[in-house]
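In: Prediction below, plus the sequence it came from.
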Amino acid sequence: ASPAERCLREHSGQPNQSLRLRPRGGSLSEQHVEASACPQALSDGGQGALMLFRDVSATVAERRSQEQRAVLAEGIVDHLSESVLTTDLQGLIQSANARALRLFGYTEEEMLRMTVARLLPVPFMNTPGLKLTDYVASGSGRMPKLAGWRKDATTFPAELLVEVMRGDGEERLVVVVRDISERLRSQGLAQRLGRLLDAASEEIYVFDAQSLYFIEVNKGARRNLGLKPEQLSRMSLSSIATDLDPAALQSYLSKLRGGDSDHVSYKTRHRRQDGSSYPVEVRLSFSREEEPPVFMAIALDITEREAAEKQMRQLAHFDSLTGLPNRTLLVDRLQQAMRVAARGERQLGLFFLSLDDFKAINERHGHAVGDQILRAVADRLGSGLRLADTVSRLGGDEFVVLAQGIRDPDEALQLAEKIQEQLRVPVEVRGQRFPLSASIGISLSPLDPADAEGLLRHADLAMIQAQRQGPGQVRLHPLDHAEPAG
């Protein structure tokens, strides 16, 4: 019943009651009001009721907005890679995000009966007088070392960040626990739950599911991109990702909207305001619980990881001293070149070089001088060949030249002589001049039907035969009529 109806029935005033009014025209839009009623004498002597209305639509909309922001903040906290707890000032746990539950191995019900001291017995249980609030100002840097204790009794080294969160007339603590062994990092800790976004080490983007414009972007992302919040509010993922295919992005979003996957991961590059870019790995998820629905992208800068992977690939395929391809990469290129040669009329030549008397140079002048000579030889060999050819260092003073498009054995011997001419020009190191020569063994494919490893072995054997004849000699394998070049 309305306040007026109860007023007439009970003959007394009625307090405020929340109502929703709908216009006569049949519009679906509703107006939120508070209504009260009081008795009113009518002119004919009868009893009526006077209803008073107050429009509270703005208040209701603000309350809903606050509730949505709280749900969004809670969802974001659960997606963070940080373990986040809230406690009272004595350390009794009041909430724990999903990461914290996984880190310590407890259920939410179990966690809410515990204290931080139980989870971090070192130092809280063995350092008299130490309180959780001592970490508010100091962090972990100047405080005793921490050790986390999981449910299964395993331990891990930890870092701790604690901040005071004020609200509703009382103080609570926001506690971030980091497992150092897993290299969890953070950019800081906010004083309120919504600001935990800015404490994350990752870039976090929350954007509208329809317009795809950013709604929230955390401090880490703004700092990395060099952009201000008002600039980002007019941007989307496509605005900052230099090589993200729009069709691929739409496919990811459709998959998440359709419920085919909880999240989608991909790699791209984010562009800074100054035009430079950096590689990121992005985890994209969708939340239907928000109104309107939103997507959330958590991006991790993988610059250091890619640099380490590049270095590993370099070490796996290139000689660390000269930068030339090593044996692994040489064999791969040799196999490809052999397939090409097998379909054509020309030969592929493999030239196995060993510098003459290089051991004596190393012993007399030291390895530093020897290394400079090897780098000089690598430069000369590379500069005297075609782009399609490959120069490789196998180790020590041994090099291999892979030359394609050789017509016959005579042309192979001519190329070997050209290599010798390059080496005869003295190398100058620390004011001393070192004339060089090399013993060279040659194998030709498909004239030699061996596989790649066999071709290398035959060139090596031919080089050994050349060495036996003296410095600066050349031998062909398996042609018995090969003449030494000198």
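Out: Perfect, thanks for sending it.

In: ok, now which ones touch Ser2?
Out: Counting by CB atoms under 8 Å, 6 or more residues apart in numbering, Ser2 makes contact with Gln17, Leu19, Ala35, Ala37, Met51. Any C-beta I mention is one placed from the backbone N, CA and C, and that applies to glycine too.

In: mind redoing it with 10 Å?
Out: Shown in contact with Ser2 (CB atoms under 10 Å, 6 or more residues apart in numbering): Leu8, Gln14, Gln17, Leu19, Ala35, Ala37, Ala49, Met51.

In: cool, and Asp451?
Out: Under the criterion of CB under 10 Å, 6+ apart, the contact list for Asp451 reads Val331, Leu334, Gln335, Met338, Ser445, Arg457.

In: ok, the fifth one - contacts?
Out: Under the criterion of CB under 10 Å, 6+ apart, the neighbours of Ser445 are 334, 337-338, 341-342, 347-350, 406, 451-452, 454-455, 458.

In: Name the nearest residue to it, sequence neighbours excluded.
Out: Leaving aside its sequence neighbours, Ser445 sits nearest to Leu348 (CB to CB, 6 or more residues apart in numbering; 4.6 Å).

In: Give the pairing partners of the lengthiest strand in the chain; include direction for each.
Out: Longest strand in the chain by number of residues (criterion: DSSP state E): strand 155-167. Paired with strand 155-167 in the same sheet, following DSSP bridges, are strand 146-149 (antiparallel), strand 170-179 (antiparallel).

In: Point out where the stretch 51-200 of the chain drops to low pLDDT.
Out: Where the stretch 51-200 of the chain drops to pLDDT under 70, the residues are 65-81, 137-142, 182-199.

In: What segments of it are helices?
Out: Counting by DSSP state H, counting those that start in this stretch, the stretch 51-200 of the chain has these helices, from start to end: 57-79, 98-104, 108-111, 116-119, 121-124, 135-138.

In: contact partners of the second one?
Out: Taking contacts as CB under 10 Å, 6+ apart, the residues outside helix 98-104 that touch it are 77-85, 93, 96-97, 106-108, 110-111, 114, 118-120, 148-152, 156, 158, 175-179, 182, 184.

In: For the residue minimising distance to the centre of the chain, grab phi and psi.
Out: Among the residues of the chain, the one closest to the centroid is Ile302, at 3.2 Å (CA atoms, centre = their mean). The phi/psi pair for Ile302 (degrees, to the nearest 10) reads phi -110, psi 30.

In: gap between Gly405 and Leu385?
Out: Gly405 is 11 Å from Leu385, where distance means CB to CB, to the nearest Å.

In: got it, and Thr322?
Out: For Thr322, the distance to Leu385 - CB to CB - is 15 Å.

In: Would you mind telling me which of the two has more residues around it?
Out: Legend: neighbour count by other CB atoms under 10 Å for Thr322 and Leu385, higher for Thr322 (21 against 18).

In: Look up the closest residue to that one, ignoring the ones flanking it.
Out: In this structure, Thr322 finds its nearest non-sequential neighbour in Ala378, 3.8 Å apart by CB to CB, 6+ apart.

In: Then Phe434?
Out: Excluding its sequence neighbours, the residue lying closest to Phe434 (CB to CB, 6+ apart) is Val427, at 4.8 Å.

In: neighbours of Gln90, just the number please.
Out: Gln90: 12 surrounding residues under other CB under 10 Å.

In: related to what we said a few turns ago, quick one, which of the contacts of helix 98-104 are buried?
Out: Neighbour-count burial (16 or more other CB atoms under 10 Å) applied to the contacts of helix 98-104 gives 77, 79-85, 93, 96-97, 106, 111, 114, 118-120, 148-149, 156, 158, 175-179, 184.

In: Can you point out the buried residues in the longest strand of the chain?
Out: Residues of strand 155-167 classed as buried by neighbour count (16+ other CB under 10 Å): Phe156, Ala158, Glu159, Leu160, Leu161, Val162, Glu163, Met165.

In: With stretch 227-241 instead?
Out: Buried, per 16+ other CB under 10 Å, within stretch 227-241: Leu227, Leu232, Met235, Ser236, Leu237, Ser239, Ile240, Ala241.

In: what residue ranges in the stretch 351-486 of the chain are flagged as low confidence?
Out: Low-confidence segments of the stretch 351-486 of the chain (pLDDT under 70): 479-486.

In: all strands of it, in order?
Out: Applying DSSP state E, counting those that start in this stretch to the stretch 351-486 of the chain gives strands spanning 390-395, 398-406, 427-429, 432-434, 438-445, 474-477.

In: ok, Gln465 to Leu447 distance?
Out: 17 Å.

In: Likewise for Ala416?
Out: To Leu447, Ala416 is 16 Å away according to CB to CB.

In: These two - which one has more neighbours?
Out: Between Ala416 and Leu447, counted using other CB under 10 Å, the more crowded position is Ala416 (25 against 18).

In: Kindly state the neighbouring-residue count (a burial measure) for Arg22.
Out: Per other CB under 10 Å, the neighbour tally for Arg22 reads 11.

In: Leaving out sequence neighbours, find the closest residue to it.
Out: Glu30 (5.3 Å).

In: coming back round to it: show the contacting residues for the residue nearest to Thr322.
Out: Ala378 is in contact with Asp319, Leu321, Thr322, Gly323, Leu324, Val391, Ser392, Arg393, Phe399, counting by CB under 10 Å, 6+ apart.

In: Burial check on Val60, number of neighbours?
Out: 15.

In: That one contacts His32, correct?
Out: Yes. Val60 lies in contact with His32 (CB atoms under 10 Å); the separation is 4.4 Å.

In: Next, show the common contact partners of the two.
Out: Joint contacts of Val60 and His32 (CB under 10 Å, 6+ apart) are Ser18, Arg20.

In: residues in contact with the residue nearest to Pro121 when sequence neighbours are not counted?
Out: Among residues not flanking Pro121 along the chain, Trp149 sits closest, at 5.4 Å (CB to CB, 6+ apart). By CB under 10 Å, 6+ apart, the residues touching Trp149 are Phe104, Arg118, Leu119, Leu120, Pro121, Val122, Met125, Thr155, Phe156, Ala158.

In: can you rerun that using 7 Å?
Out: Contacts for Trp149 (CB atoms under 7 Å, 6 or more residues apart in numbering) come out as Leu119, Pro121, Thr155.

In: With distance to Phe358 added, can I get those in CSV?
Out: Converted to CSV, the contacts of Trp149 look like this (distance: CB to CB, whole Å):
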residue, distance to Phe358
Leu119, 63
Pro121, 63
Thr155, 55
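
In: So which of these is the closest to Asp260?
Out: Set against Asp260, the nearest of the contacts of Trp149 by CB to CB is Leu119 (37.1 Å).

In: surely the closest one meets Gly148?
Out: Yes. Counting by CB atoms under 7 Å, Leu119 touches Gly148, with 6.2 Å between them.

In: sorry, back to before: could you dump the buried residues of strand 155-167 into CSV with distance to Pro279 added?
Out: CSV is the format used below for the buried residues of strand 155-167 (distance: CB to CB, whole Å):
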residue, distance to Pro279
Phe156, 29
Ala158, 29
Glu159, 26
Leu160, 31
Leu161, 28
Val162, 33
Glu163, 32
Met165, 35
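
In: now, which of the residues you listed sits nearest Leu315?
Out: Nearest to Leu315, judged by CB to CB, of the buried residues of strand 155-167 is Phe156 at 31.0 Å.

In: measure that closest one to Glu110 for me?
Out: 18 Å.
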